[in-house]
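Generate a structure from the sequence data that follows.
(2 chains)
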Protein chains: 2
Amino acid sequence: MDIFMKVSIISIGDELLSGFTINTNATWIGQELLKCGIIIDRQITVGDNSELIINQIDRCIQSSEIILLTGGLGPTHDDVTSIALYKYFEDKPIFDSEYWKNIEKYFTKRALSVPDINKNQALKSVKGKMIPNSLGSARGLHYNIKKTEIFAMPGVPYEMKSMMSKYIIPKLKSRVNNNLFINTLNTIGKGESSIAEQLEPIVAPYLKVCSVSYLPQIAGVDIRISSRDKKRLSELKDKIKHEIGDCLYSEKNEAIENILGALLSKNMMTLSVAESCTGGLLGHTISSVSGSSKYFVGGIVAYSNKIKRDILGVKEKTLTKFGAVSKQTAIEMAQKIRNLFLTDIGISVTGIAGPTGGTSEKPVGLVYIGLSSVNKKFAKKYMFHGDRDIITHRTKQAAMELVRRDLLGD
Amino acid sequence: MDIFMKVSIISIGDELLSGFTINTNATWIGQELLKCGIIIDRQITVGDNSELIINQIDRCIQSSEIILLTGGLGPTHDDVTSIALYKYFEDKPIFDSEYWKNIEKYFTKRALSVPDINKNQALKSVKGKMIPNSLGSARGLHYNIKKTEIFAMPGVPYEMKSMMSKYIIPKLKSRVNNNLFINTLNTIGKGESSIAEQLEPIVAPYLKVCSVSYLPQIAGVDIRISSRDKKRLSELKDKIKHEIGDCLYSEKNEAIENILGALLSKNMMTLSVAESCTGGLLGHTISSVSGSSKYFVGGIVAYSNKIKRDILGVKEKTLTKFGAVSKQTAIEMAQKIRNLFLTDIGISVTGIAGPTGGTSEKPVGLVYIGLSSVNKKFAKKYMFHGDRDIITHRTKQAAMELVRRDLLGD
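Numbers count the residues shown, from 1 in each chain, chains lettered A, B, ... in the order given. As a prediction, this is how the structure comes out:
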């Protein structure tokens, strides 16, 4: 047996291939298995077609010890994953009247009538095992064939996640027999090429025992290092950390909003936001951390100049003399939100997210981020590239990073 | 030749398999090709390993006419896609000094020093063609082998998109020779099972010539119907539309925020938002539509009760008697934001997104959405299932849907 366990994911669904749905399931499974030291060997997406599914299972069985299928267990006619599995394993499922009663209960409890088409979800495998689903009506399937285990799960993300956590991951853990150590350093402030070049001399001597990847994110670069040699890995990690300094914001794949939240909590400080071009995204991201109500009190989305002036209190003169997208307006927005909301820190964002509204003097992507705290006030100018969505995302990341750096005393 | 063109996507990157990056590239390609009547046959993700890449290319060539590779064209040592292609095609690339000068210019223009490791990006294929990249330094590669065309693109989404739109899609369009008609009906307000059961008698007689898929979204269900028979497709579509009525919000895969924006613009009405549990997500989503400044003036994120009272102006009595998460508070929040921001419509959101903060009386997922306009004020109670992220997303969708229905005069 290989030291590595070979795991394949087969994602099933026309909606994935035609781009109606983003395959976040494969992403989540990759993350969770990585935590157990398991790396996905390959991931394949096929449509709702039982022949294609059988084809892929047959192919994966030749090289994989674990095959994870997601999707196609629903009640409608285009859900064919169980049909494919029953056919492949020459399994003749029986009707599980016990389980059908449960489905009826599930619908009745929600004051819904039970659709007849859900009846196929009450079928029960004879050759394989049914995997319980505590969050929905579609049970999973579990087959063993020679050295390979096959698990089929629903495509609904929270049902899949629950099935993975409760049933599949414990089984996989008991099979893992490796000691791959993985460390990730999350950085912000530098691009992929320049970080890679900066680190190349440090990394080069380690490449025989350690593997290093640079993973560009919307804002920042993650550096992932892995090795079977714990000591050498730790050595390399320390050298990289020393080299990149303050660009490092986490070693645990935490989001900046979590790091920022922890810093604010530790310092017992509160925060408010005044947003223009991000329209609420900054506040939403900060408040997406559970428990954020301890330090985040709220904000004003001042999308129009009228609101910047009448509600937030930015001076008319500042707006006419310097414009809404200016250093001066950013500083005033930060001060005003801090005073209005009585917080320790006020942060502001004003910019041109595009695609329209840019001029040669103030082009699309120009953003000012302002910060006001007890003993200082300032604003920083940014020039972001990308479309409207990327610009607003980079803006909110930069805004949180500005507060993080400020709290660290930079 | 098949009527269908067989297209495979090979996504390359350790970061995709280990879940550091979500494969939105495959999603986008699926969407764009669908618009041309092309359906992806399969999508495979492999790691940064040239042997595995070669393996997959070799396998796909046997059945696909088009192979699209994304990722692994960057400058660092884990970018091996071009190496794999050069090896597979026994191609001996040459150094392109002309292009190297361009790369130097690109970096100099941004006041950056040129990393030496970018030199491998100046290599030029002899057997294939280089695809221009107007947004970055990694050029694409284009090979022909027998009936198959292979295109390799960078993994950076906006670079890939630009290359697809400018170079690859025009080439594919000239090869497509089919007439698959596709219609999508976007609905909100009902679940997958109940919509499918409701439509089953209507859909059944058409299944020989039309294909129907139900695609559950975070909020709502998309119904996709496709056929080569335009007349029968149109017949079926009309019958489905008649049956589902007002649950239909778009026939063009538009987001609710776009539909809502168009309605507000048409009625020359303005909107403001008062958000609690969504923390700014609702405002951000509404403002993510280009041109939204015409109807969206802004909002207040009243995350703490203090802000609900002191800034928004919700009565202390309302908060203590009914609680922050209540019908009464939701109505007052909507009224107050409308009055403060002087808009035609005020919308409010207050709820418990979890995972903490729920009680048996007011459990996690309980949300009130309030609406205030010239001649009415009301709030609606919702009970959402899912994690914090899903609850906030469902909340903002429901809030926009509430305004949409109100504008339609429901």
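
Give me the contact list for stretch A:370-380.
Stretch A:370-380 is contacted from outside by A:327-328, A:330-335, A:337-338, A:344-350, A:368-369, A:402-403, A:406, using C-beta atoms under 8 Å, 6 or more residues apart in numbering or on different chains. Where you see a C-beta, it was placed from the backbone N, CA and C, and this is true even at glycine.

domain assignment for chain A?
Segmentation of chain A into domains, based on automatic domain parsing, reads A:7-173, A:181-250, A:256-407.

Would you point to the one among these that's packed deepest?
Among the domains of chain A, domain A:256-407 has the highest mean neighbour count (mean count of other C-beta atoms under 10 Å in any protein chain shown), at a mean of 21.

taking the mean pLDDT, what do you get for that domain?
Averaging pLDDT along domain A:256-407 gives 95.

quick check, distance from that domain to the centre of its chain.
Here domain A:256-407 is found 23 Å from its chain centre; the criterion is C-alpha atoms, centre = their mean, to the nearest Å.

what's the answer for stretch A:41-49, then?
So, by C-alpha atoms, centre = their mean, the centroid of stretch A:41-49 is 21 Å from its chain's centroid.

mind listing what the closest residue to A:Ile66 other than its chain neighbours touches?
Among residues not flanking A:Ile66 along the chain, A:Val7 sits closest, at 4.4 Å (C-beta to C-beta, 6 or more residues apart in numbering or on different chains). Contact analysis of A:Val7 by C-beta under 8 Å, 6+ apart lists A:33, A:38-41, A:64-68, A:172.

so what's A:Val7 scoring on pLDDT?
pLDDT, read off for A:Val7, is 94.

now do A:Asp2
According to the model, A:Asp2 scores 37 on pLDDT.

ok, residues contacting stretch A:397-410?
By C-beta under 8 Å, 6+ apart, stretch A:397-410 touches A:188-189, A:218-220, A:246, A:249, A:256-257, A:259-260, A:263-264, A:267, A:269, A:271, A:273, A:278, A:282, A:285-286, A:345, A:347, A:349, A:367, A:369, A:371, A:373, A:380, A:382, A:384.

repeat for stretch A:265-273
A:264, A:282-283, A:286, A:291, A:294-300, A:337-338, A:340-349, A:399, A:403, A:407, B:280, B:301.

got it, and stretch A:198-212?
Contacts with stretch A:198-212, where a contact means C-beta under 8 Å, 6+ apart, come from A:190, A:223-229, A:232-233, A:235-236, A:239-240, A:243-244, B:77-78, B:117.

I'd like the distance between A:Lys166 and B:Ser292.
Distance, A:Lys166 to B:Ser292, by C-beta to C-beta, to the nearest Å: 43 Å.

swap that for A:Ala330, please
Counting by C-beta to C-beta, the separation of A:Ala330 from B:Ser292 is 21 Å.

again with A:Asp91
Computed as C-beta to C-beta, the A:Asp91 to B:Ser292 distance reads 53 Å.

With A:Cys210 instead?
Taking C-beta to C-beta, one finds A:Cys210 at 48 Å from B:Ser292.

Are the helix or strand harbouring A:Ile331 and chain B in contact anywhere?
Assessed by DSSP states H and E, A:Ile331 sits inside helix A:327-341. Yes. On the criterion C-beta under 8 Å from any C-beta of the partner chain, helix A:327-341 is in touch with chain B at A:340-341.

same deal with stretch A:40-53?
Yes. Applying C-beta under 8 Å from any C-beta, one finds stretch A:40-53 in contact with chain B at A:40-48, A:52.

partners of the host helix or strand of A:Ala152 in the sheet?
According to DSSP H and E, A:Ala152 maps onto strand A:148-153. Strand pairing for strand A:148-153, determined by DSSP bridges: strand A:66-70 (parallel), strand A:140-145 (antiparallel).

Appreciated, that's everything.
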